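Undergrad: Build me a structure from this.
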Amino acid sequence: MWCIRVERDGSSAVNFLSLQPLGRNRAVPRLWIESQRLSRLGFPPGTPLEIRSHAGQLTLTPAILGENHVSSRLVPGGRRPIIDLANQSLLSGLADYSEVKIVASFERIQVSPSHRAFTIQRSRTLAPPFRVLEVFAGGGTLTAALTGNVAFQVVAGVEIEPDFADEWQARHPEATLVQADLRALHTAELPAFDVLIGGIPCTCHSNLGRAKKGLAGKPELGDTGDLFLPVVTLVSERMPAAVVLENVPAFGKSLAGELLVSHLRRLGYHVTVEVLRPNEDWAELEDRQRWLLVGTLAKPFTLQVPHERCCTPASVFLDRPDSEQDRADAARIVRTIAGLRVHNARHRAAGHGFAFTEIAGNELRLPTIPRSYHKINTGPFVQTPFGLRLLRQAEIERLHGHTLLTRHYTTAVQMLGQGVLTRVFRSVFRQLADHLAMPAPSQV
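TA: All right, here's what the predicted structure looks like:
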């Protein structure tokens, strides 16, 4: 990226800023600067160089005598100046960095680690506790997976929904809660953090969401479909040591998911992507499948999947039978259930295969409980001697492995319905903590 500044007297001073990899020559760092503009900056071919090294930064200026000189190569129209340094002693302050920033003005060139190289190298020396920022914090089901893990310290969260923000802040009174749309935030308004986590809203990427919003194959055009963009911006500018993002499996196959993965890799992240199958692989009853991305700077992360199928029946998560409460809960939704049965029968007759799940207690798998579960438009519903009833808040909390502070049923269902299975992610974060704590291999 080149810049030309015009002075008031009409003369021009040529400046440039370049970001480029620091090369290697048989394990010795090598700095290579090649540009026609070097001549106009006072570094024509044959110029002796004075090179000073201080605090990991090189300063190059023309000299009367010097061991190093500007060389050149023949190109159409003349010779192109080249500065080629392959000196272990001179470049020792830069040797640990993968990329350098070159800033040049007249008769002065400064070489230092780029922001990206500096953050990558910093990630190699981080020690716990790792500071965590959660975006799209919701009701905190993701940060709940960090509870008791001393390797992480939750320092801030971003959440726009007031009810969800209140729940998150009550769980993390010592952390900063930013109640705002992430798209409206400047990254400088957020505190320092080492790990970025979040569940990008999936209402435009789920099958149900695309159908309701009429998005067909363009989920990115929905009201929340572009929320991966501020995440990309935040990662690009702050370069945390690790990024953990989750979404519905369809997100990974969308343009948004593919762009997110490819951009993180171009930034220098080692990216691991998995589809978590809780019922088949993590011994969970509710099969809340999630797309998982883990990006790390220092070294690649590999998720160890236990591959344990659920063998715990639904009855373990349900309240004990209570005739009085079961009768009241069944009576409250009896008319809605009757209407839903008629609706389902009509769809089945049309060949749509529409149905809802009923729980008897011996099931070893349950479908995902959605955030709209309280609207009684889908299951699963619990069988009682008095008819079907909704799952209670405490029962859903047991299934998810996380107890909320709010006792407002609708709010709780919405938080849990768009959240994660905390037990699964507790295992993911334990593995990530061990990974971040291990020394990274030298890149020299």
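
Undergrad: just the helices in the stretch 151-300 of the chain please.
TA: 162-171, 207-213, 228-238, 249-253, 255-267, 278-281 (DSSP state H, counting those that start in this stretch).

Undergrad: What's the mean pLDDT across the fifth one?
TA: It stands for helix 255-267. For helix 255-267, the mean pLDDT works out to 94.

Undergrad: about what we covered before: what's the closest of the helices of the stretch 151-300 of the chain to residue 402?
TA: Closest of the helices of the stretch 151-300 of the chain to residue 402 is helix 162-171, at 9.9 Å (criterion: C-beta to C-beta). Every C-beta, even on glycine, is put in place using the N, C-alpha and C of the backbone.

Undergrad: List the buried residues in that closest one.
TA: Using 16 or more other C-beta atoms under 10 Å as the test for burial, helix 162-171 gives 163, 164, 165, 166, 167, 168, 169, 171.

Undergrad: Skipping adjacent residues, who's closest to the fifth one in space?
TA: Across the structure, with C-beta to C-beta, 6 or more residues apart in numbering as the measure, the residue nearest residue 167 apart from its sequence neighbours is residue 139 (4.8 Å).

Undergrad: That neighbour: what's it in contact with?
TA: By C-beta atoms under 8 Å, 6 or more residues apart in numbering, residue 139 lies in contact with 164, 167, 168, 404, 406, 412, 414, 415, 416, 419.

Undergrad: what's the helix or strand where residue 50 lies in contact with?
TA: Assessed by DSSP states H and E, residue 50 sits inside strand 48-54. Outside strand 48-54, the residues within contact range by C-beta under 8 Å, 6+ apart are 43, 58-66, 68-70, 83, 85, 90, 92-93.

Undergrad: same deal with stretch 112-128?
TA: Outside stretch 112-128, the residues that touch it by C-beta under 8 Å, 6+ apart are 19, 22, 56-58, 94, 96-101, 103, 150-152, 194, 238-242, 267-268, 296-298, 433, 436-437, 439-440.

Undergrad: re the thing from before, just the ones of the contacts of strand 48-54 in strands?
TA: Among these, the members falling in strands (DSSP state E) are 58, 59, 60, 61, 62, 68, 69, 83, 85.

Undergrad: Only C-alpha atoms, please: export the helix or strand encompassing residue 427 in CSV.
TA: Element membership for residue 427 (DSSP H and E) is helix 422-437. Output of helix 422-437 as CSV, limited to C-alpha atoms (Å, rounded to 0.1, in the frame of the first residue of the first chain):
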residue,chain,number,x,y,z
THR,A,422,-23.6,-26.4,28.6
ARG,A,423,-22.1,-29.8,29.5
VAL,A,424,-20.9,-30.3,25.9
PHE,A,425,-19.2,-26.9,25.7
ARG,A,426,-17.8,-27.3,29.2
SER,A,427,-15.8,-30.2,27.7
VAL,A,428,-14.9,-28.1,24.6
PHE,A,429,-13.5,-25.3,26.9
ARG,A,430,-11.6,-27.7,29.1
GLN,A,431,-9.8,-29.0,26.0
LEU,A,432,-9.2,-25.4,24.7
ALA,A,433,-7.7,-24.4,28.1
ASP,A,434,-5.3,-27.3,28.0
HIS,A,435,-4.4,-26.4,24.4
LEU,A,436,-3.7,-22.7,25.1
ALA,A,437,-1.6,-23.6,28.2
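
Undergrad: Next up, phi/psi of the residue nearest to residue 167, please.
TA: phi -90, psi 10 (degrees, to the nearest 10).

Undergrad: where's it relative to residue 196, distance?
TA: Distance of residue 139 to residue 196, computed by C-beta to C-beta, to the nearest Å: 19 Å.

Undergrad: sorry, back to before: from the contacts of strand 48-54, which would you call buried?
TA: Applying 16+ other C-beta under 10 Å to those, the neighbour count classes 43, 58, 60, 61, 62, 68, 70, 83, 85, 90, 93 as buried.

Undergrad: The fourth one: what's it in contact with?
TA: Contact analysis of residue 61 by C-beta under 8 Å, 6+ apart lists 49, 50, 52, 107, 108, 109.

Undergrad: Name the residues linked to the second one by a beta bridge.
TA: With DSSP bridges applied, the residues forming beta bridges to residue 50 are residue 61.

Undergrad: So it versus residue 65, what's the distance?
TA: Residue 50 sits 9 Å away from residue 65, taking C-beta to C-beta as the criterion.

Undergrad: What of the fourth one?
TA: Between residue 107 and residue 65 the distance, using C-beta to C-beta, works out to 16 Å.

Undergrad: With the fifth one instead?
TA: Counting by C-beta to C-beta, the separation of residue 108 from residue 65 is 18 Å.

Undergrad: pLDDT averaged over the helix or strand hosting residue 29 - what is it?
TA: If you go by DSSP H and E, residue 29 is part of strand 28-34. Summarised as a single mean, pLDDT over strand 28-34 is 94.

Undergrad: partner strands of it, parallel or antiparallel?
TA: Applying DSSP bridges, strand 28-34 is found paired with strand 23-25 (antiparallel), strand 78-85 (antiparallel).

Undergrad: neighbouring contacts of the first one?
TA: Translated: strand 23-25. 29, 30, 31, 32, 86, 444.

Undergrad: re the thing from before, centre of the chain to the strand holding residue 29, how far?
TA: With C-alpha atoms, centre = their mean, to the nearest Å as the basis, strand 28-34 stands 34 Å off its chain's centre.

Undergrad: Which is the succeeding secondary structure element to it?
TA: With DSSP H and E, the next secondary element past strand 28-34 is helix 37-40.

Undergrad: circling back: okay if I get the helices of the stretch 151-300 of the chain as JSON lines plus distance to residue 324?
TA: Putting these into JSON lines (distance: least, C-beta to C-beta, whole Å) gives the following:
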{"stretch": "helix 162-171", "distance to residue 324": "30"}
{"stretch": "helix 207-213", "distance to residue 324": "35"}
{"stretch": "helix 228-238", "distance to residue 324": "48"}
{"stretch": "helix 249-253", "distance to residue 324": "41"}
{"stretch": "helix 255-267", "distance to residue 324": "48"}
{"stretch": "helix 278-281", "distance to residue 324": "33"}
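
Undergrad: Confidence-wise, which of the ones you listed is weakest overall?
TA: Among the helices of the stretch 151-300 of the chain, helix 207-213 has the lowest mean pLDDT, at a mean of 51.

Undergrad: Not counting sequence-adjacent ones, nearest residue to residue 423?
TA: In space, and not counting its chain neighbours, residue 423 is closest to residue 401: 3.9 Å by C-beta to C-beta, 6+ apart.
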